[in-house]
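> Provided below are the primary sequence and the corresponding predicted coordinates.
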2 protein chains.
Amino acid sequence: MATEGKEPKPQRSQKRPSGAHFDPIQQVLWARPGFLVRRLNQIHYALFAEECKTYSMTPVQFGVLTALSLNPWLDQTAIGSELGLDRTTTADVLKRLEEKKLIERRINPADRRSRQSMITEEGYHAMKSLHESMMAAQQRLMAPLSARNQEIFLKLLSTLVDGNNEYSRAPTRAAL
Amino acid sequence: MATEGKEPKPQRSQKRPSGAHFDPIQQVLWARPGFLVRRLNQIHYALFAEECKTYSMTPVQFGVLTALSLNPWLDQTAIGSELGLDRTTTADVLKRLEEKKLIERRINPADRRSRQSMITEEGYHAMKSLHESMMAAQQRLMAPLSARNQEIFLKLLSTLVDGNNEYSRAPTRAAL
DNA sequence: TATTGTTATACTCTATAACTATA
DNA sequence: TATAGTTATAGAGTATAACAATA
């Protein structure tokens, strides 16, 4: 994978459908999965923003709302664990969602250390009305692949996230 | 891909190697490629930080140094284009690299609007001595997959980035 | 003592808008 | 007019550290 050295000369010929070829810098960078993953994440954020611009919402915020729609009154540790966010980030995201009145928070009556969140009527409505747009963003992201390859990609991607879960600073729900 | 509704009940049986199963929230989230891509990017940043902690450097900064090591005196538009960064971000990253003395900047004598960057001796040394660690981070990221599947994943990933390049706010070098 | 969440602080990446200088 | 870069401003994600409240 170390393609340093011996790069072909940069050729600026006529029309190329892609920027990945004939550029020594691109040849090196595009061989690094980490680089491509950053780019794909960046692209997904852009697609999501474009699709969901009626409400201003990020993928992470949508993910939190999704989690709360499936399980109300989760505490922040659990939310962070589901989404793969550390507790500082989780608190930040929840604060923004609360300011937008999309969630409510309360102290957990059973354990006064913890704060639980619930999606509001308004939050549920926002999530419902954005759901199609969110799916459209996902589909546009995967559109360059055939249906079969989309399946394969998703499978491999899951394996990678699952297999590396422990290495992230904010691993999602630990092995049960 | 819309797996909403009809989730199996959450089962908390004994030991599971993964958190992705038997949790309705995880089942929904992990079916969204955008979610997994964010997680994998996050994991890569953590792995990179862990491997490269001797110097404090991010994947993006390493990418810029890589580009400049292959082509000195690139201007900021070109650098942004190679890395997929908009011009504000590019200027930010370069400012930090300059403060760390890893690059130098000058006005382009041929076009006084543009500023060109060059990697310094120190920057080159940092890049060289981190190269192995960077590769280790890449390899750890891909480690859960077989060699064959790593190849397949990288191929599909390239196709996705390439096919969606135009949708990012900061597309890499446009089709030539 | 351990856990939950907070506040404070910091860095990085990303983006838009308005501006200057130059072409 | 168009382009390159800057400054200003903002939002978002990520992280560490110190702290209070609670278990």
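That came through, no problem.

> all contacts plus neighbour counts: C-alpha atoms, from now on.
OK.

> so which strand or helix has A:Glu151?
Per DSSP states H and E: A:Glu151 is located in helix A:147-164.

> which other residues reach that helix?
When contacts are defined by C-alpha atoms under 8 Å, 6 or more residues apart in numbering or on different chains, helix A:147-164 is touched by residues A:142, B:18-20, B:30-31, B:33, B:36-37, B:39-40, B:43, B:141-145, B:149, B:153, B:156-157.

> Give the other helices and strands that the helix or strand where A:Ile25 lies contacts.
Element membership of A:Ile25, judged by DSSP H and E, is helix A:24-29. Secondary-structure packing of helix A:24-29 (3 or more C-alpha pairs under 8 Å, 6 or more residues apart in numbering or on different chains; DSSP states H and E): helix B:59-70.

> do whatever helix or strand comes next after the helix it packs on and DNA strand D meet at all?
Following helix B:59-70 in sequence order, the next helix or strand is strand B:74-75 (DSSP H and E). Yes: Strand B:74-75 reaches DNA strand D (C-alpha under 7 Å from any atom of the strand) through B:Asp75.

> Likewise for stretch A:125-138?
No: judged by C-alpha under 7 Å from any atom of the strand, stretch A:125-138 and DNA strand D are separated, with a smallest distance of 13.9 Å.

> just for chain A, where's the confidence low?
Chain A contains residues with pLDDT under 70 at A:1-21, A:168-176.

> near DNA strand D too, which of the contacts of helix A:147-164?
With C-alpha under 7 Å from any atom of the strand as the criterion, the contacts of helix A:147-164 include B:Arg39 near DNA strand D.

> Now the buried members of the contacts of helix A:147-164.
For the contacts of helix A:147-164, a burial check counting by 16 or more other C-alpha atoms under 10 Å in any protein chain shown picks out A:142, B:18-20, B:30-31, B:33, B:36-37, B:39-40, B:43, B:141-145, B:153, B:156-157.

> Just the ones of these in helices?
For the buried ones among the contacts of helix A:147-164, membership in helices holds for A:142, B:33, B:36-37, B:39-40, B:43, B:141-142, B:153, B:156-157, with DSSP state H as the criterion.
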